[in-house]
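1. I would like to see how this sequence folds:
(one chain, ligands or ions: 1)
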Amino acid sequence: MTFSKRILSVKPSPTLALNAKAVQMSKQGKKVLNFAIGEPDYLTPSLVVDRAIESLKAGRTRYTPSGGGPELRQAIADKLMRDNGLSFDINQIVVGAGAKEILFHTFMSLLNDGDEVILTAPFWVSYADQIRAAGAVPVIIPIPDGGRMPSLEVIESYATPKTKAFIFNSPNNPAGYILTELELKTLGTYLSNKPWWIIADEIYEYMSFDAPHISLLKACPELRDRFVLVNGMSKAFAMTGWRVGYCAAPIELAAMVKSLQSHSSTCIPGFIEDASVVALKAGLPLMEKDINTLRIRRDLAVQTMKKLGGFKYLYPQGAYYLFIDIRSQLKNGESSLAFSDRLLEQFNLAIAPGEAFGAPGFLRLSYAASNATLLDGIERLHKALFT
Ligand SMILES: Cc1ncc(COP(=O)(O)O)c(C=O)c1O
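-> You can find the predicted model right below:
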C-alpha cells in the first residue's frame with residue numbers, strides 16, 4: 001500500500017494531541033492543569049450567541065455562498081478600515097472555517113512543489129505542516145537570542161531563488177512579541193525588494209497589551225499586490241469552536257482560496273455568519289473586559305515567576321502565552337518534548353513543548369486560565385524545573 005508522500009510528511013498537531021491526552025487523564029479522575037491549548041477560557045459574548053440562536057430559529061440553516069456572504073464580507077471590510085486603516089473591496093475578502101482553513105487554502109493556492117516558505121521560529125504549529133501538505137518546503141530560521149524576529153541579515157541568509165513566501169505573526173504565538181512600527185517598516189522595506197508573497201497572521205490583534213497592533217500593510221502599503229492578511233473570530237471574540245477565519249488578499253488569490261473552499265468545506269453556516277457580523281460590528285469594546293482580565297493574568301503569571309525565581313522567559317507583550325526557555329534546566333540530554341511528557345505524567349501539568357513551534361528547549365504555557373490554576377501551575381512547573 002502506498003500513500004501520498006506529501007501527506008506522509010505531515011504530523012498531527014502536537015498541541016491538540018497533548019490537549020487530548022490531558023483531557024483523557026482528567027476524565028480518569030486526575031487533577032490535570034491544562035495550559036496546552038490556545039483558547040480563551042471565557043465565553044463567547046451573549047450578544048453573539050443570542051444572534052446565532054435567533055438566526056437559527058429564523059431558518060438560516062442552509063448552504064451560504066463559498067467564501068462568505070456579502071453582509072459578512074462587508075462587516076470584515078468595515079472592521080479592516082475601522083481597526084487597521086486598510087481599505088479592501090469585499091471581493092478581496094474570503095471567509096473560511098477558521099484562519100486555519102484559510103491559511104491552508106492560501107498555501108495550496110500559492111505554492112508549487114519545491115517552493116520554499118520562510119518561517120521564523122518560534123512559529124504557530126500548523127504553518128510548517130500546511131506548507132508541507134502543499135508540496136512546498138518550510139525553511140525555518142531558528143529562534144534568535146531575545147526571541148523576536150531575526151535580523152534582516154539573518155533572513156537574507158535563508159533566502160534562495162526558490163523562496164516563494166514569507167509568513168509572520170504579530171502579536172506572536174508563542175513568543176508574545178508585537179512588532180513595532182519601526183520594525184514593521186524595516187521589514188517591509190526589505191520585503192518590498194523581494195518577489196515574495198507576504199502572509200501576515202494577525203489573529204491575536206486584540207490581545208496587544210503593551211504596544212498597539214499595526215498591520216504591516218498599513219506600515220508599508222507598497223506591499224499590497226502580494227500581501228495576504230489573515231485574521232479570524234476565534235481569539236478576538238472567544239469563538240474558537242465556531243470556526244470563522246478570513247483573509248484579505250489580491251483579488252486573483254482571493255478567488256483561488258474561495259474556489260478551493262467551494263470544493264472542501266463549501267461554506268460556513270448562515271447562523272454563524274450572522275453572529276459574526278454582530279461581533280465584528282461591536283469590535284474590541286465588546287471584549288475589553290475579558291481582554292483586560294487576560295492582561296491581569298499575564299501580570300500575575302510574570303510576577304509569580306519572578307517571585308519564585310530562576311525562570312527565563314520572553315516577556316509577553318501580547319497574545320496569551322508564556323514562552324519559557326528551559327534549555328539550562330534540561331538534564332541528561334532530555335528534550336523539551338520528553339520533559340513536557342514527564343510534566344504531564346508526574347506533575348499533572350499539560351504545557352506544550354517548544355518542538356511544536358520550531359524552538360526545542362522551550363515550553364509554551366497558555367495563561368488564559370483562572371488565577372488559582374495559573375498560580376498552582378507555575379508553582380508545579382517551578383518544582384519540576386528547579387528541585
Ligand atoms: C497564530 C495562529 N494563527 C492561526 C490560528 C488558527 O485559528 P482558527 O483556525 O481558530 O481561526 C491559531 C490558533 O491557535 C493561531 O494561534
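2. is the lowest-mean-pLDDT helix or strand in the chain positioned near the ligand?
-> Here the helix or strand of the chain ranked lowest by mean pLDDT, DSSP states H and E is helix 14-27, holding a mean of 87. No - Helix 14-27 stays clear of the ligand (C-beta under 6 Å from any ligand atom), getting no nearer than 8.0 Å. Using the backbone N, CA and C atoms, a C-beta is placed for each residue, glycine as well.
3. buried sites along that helix?
-> By neighbour count on 16 or more other C-beta atoms under 10 Å, the buried set for helix 14-27 is Pro14, Thr15, Leu16, Leu18, Asn19, Lys21, Ala22, Met25.
4. residues contacting the third one?
-> If I follow you right, that is Leu16. Ile37 (C-beta atoms under 8 Å, 6 or more residues apart in numbering).
5. for Ala121, see how far away it is.
-> 20 Å (C-beta to C-beta, to the nearest Å).
6. the first one now?
-> Taken as C-beta to C-beta, the spacing of Pro14 relative to Ala121 amounts to 15 Å.
7. now the fourth one
-> Taken as C-beta to C-beta, the spacing of Leu18 relative to Ala121 amounts to 19 Å.
8. give me the residues contacting stretch 253-260.
-> The contact list for stretch 253-260, computed with C-beta under 8 Å, 6+ apart, reads 66-67, 91-94, 96, 102, 105-106, 108-110, 228, 247-249.
9. in PyMOL, select just the buried ones from the residues you listed.
-> Entered in PyMOL, the line below selects the buried ones among those, by 16+ other C-beta under 10 Å:
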select buried, resi 66+67+92+93+94+96+102+105+106+108+109+110+228+247+248+249
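10. work out for me the element Ile324 sits within.
-> Using DSSP states H and E, Ile324 sits within strand 321-325.
11. and if you look at Ile199?
-> Assigned by DSSP H and E, Ile199 belongs to strand 197-201.
12. that strand pairs with which strands, and in what direction?
-> strand 163-169 (parallel), strand 227-232 (parallel) (DSSP bridges).
13. so for Asp274, which of those sits nearest?
-> Nearest to Asp274, of all those, is strand 227-232, at 16.6 Å by C-beta to C-beta.
14. SS state for Val94?
-> When classified by DSSP: H, G, I helix; E, B strand; the rest coil, Val94 comes out as strand.
15. that one is in contact with Tyr246, isn't it?
-> Yes - between Val94 and Tyr246 a contact is recorded at 6.3 Å, counting by C-beta atoms under 8 Å.
16. overlap of the contact sets of those two?
-> With C-beta under 8 Å, 6+ apart as the test, Val94 and Tyr246 both reach Gly68, Ile102.
17. okay, stretch 206-216 in CSV with CA atoms only?
-> The C-alpha coordinates for stretch 206-216 follow below in CSV (Å, rounded to 0.1, in the frame of the first residue of the first chain):
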residue,chain,number,x,y,z
TYR,A,206,-7.0,42.4,20.0
MET,A,207,-4.5,40.9,22.6
SER,A,208,-2.0,43.7,22.2
PHE,A,209,-1.2,44.7,25.7
ASP,A,210,2.0,46.8,25.7
ALA,A,211,2.1,48.1,22.1
PRO,A,212,-0.6,48.8,19.5
HIS,A,213,-1.1,46.3,16.8
ILE,A,214,-0.2,47.7,13.4
SER,A,215,-0.7,45.8,10.2
LEU,A,216,2.5,45.5,8.1
